[in-house]
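Student: predicted structure and sequence below. I'll ask about it afterward.
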Amino acid sequence: MNCPKCKEKLEVLRQCRRIRLRCTGCSHEYQIHEVASDLDRETEAILERYTAIIYD
Ligand SMILES: [Zn+2]
């Protein structure tokens, strides 16, 4: 999916037991719940690999 601010691509970032989505353009980091309603299938598939991780 793309950044709501600058429309660049978001990459899934694993930090210890947390997951963030980081923008490759503006480097803003989003928590999952901030963008949950906008997740696309590709991003959801990536996140499914991290089901053991607590989404904070
Ligand atoms: Zn951005």
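Tutor: Good, I have the coordinates. All values reported here derive from a predicted model rather than from experimental measurement.
Student: from here on, just use CA atoms for contacts and neighbour counts.
Tutor: Will do.
Student: which other helices and strands contact the lengthiest helix in the chain?
Tutor: Ranked by residue count, the top helix of the chain under DSSP state H comes out as helix 41-48. Contact partners of helix 41-48 among helices and strands, from 3 or more CA pairs under 8 Å, 6 or more residues apart in numbering; DSSP states H and E: strand 10-15.
Student: now the strand it packs on: mean pLDDT?
Tutor: Throughout strand 10-15, pLDDT has a mean value of 90.
Student: report the angle between the helix or strand containing Ile19 and strand 10-15.
Tutor: In this assignment (DSSP states H and E), Ile19 forms part of strand 18-23. Counting by axes from the mean of the first three to the mean of the last three CA atoms, to 10 degrees, strand 18-23 lies at 150 degrees to strand 10-15.
Student: in strand 18-23, what's buried?
Tutor: Ile19, Arg20, Leu21, Arg22, Cys23 (16 or more other CA atoms under 10 Å).
Student: now stretch 37-56
Tutor: Leu39, Thr43, Leu47.
Student: contacts only, for the residue most central in space within the chain.
Tutor: The residue lying closest to the centre of the chain (CA atoms, centre = their mean) is Leu21, at 2.7 Å. Applying CA atoms under 8 Å, 6 or more residues apart in numbering, one finds that Leu21 lies in contact with Leu10, Glu11, Val12, Leu13, Glu29, Tyr30, Gln31, Ile32.
Student: with adjacent residues omitted, what lies nearest to the last one?
Tutor: Read that as Ile32. The shortest distance from Ile32 to any non-neighbouring residue, by CA to CA, 6 or more residues apart in numbering, is to Arg20 (6.3 Å).
Student: check contacts around the one you found.
Tutor: Neighbouring residues of Arg20 by CA under 8 Å, 6+ apart: Val12, Leu13, Arg14, Glu29, Tyr30, Gln31, Ile32.
Student: quickly name whichever of these is closest to the ion.
Tutor: For the contacts of Arg20, the closest approach to the ion (CA to the ion) belongs to Glu29, at 8.5 Å.
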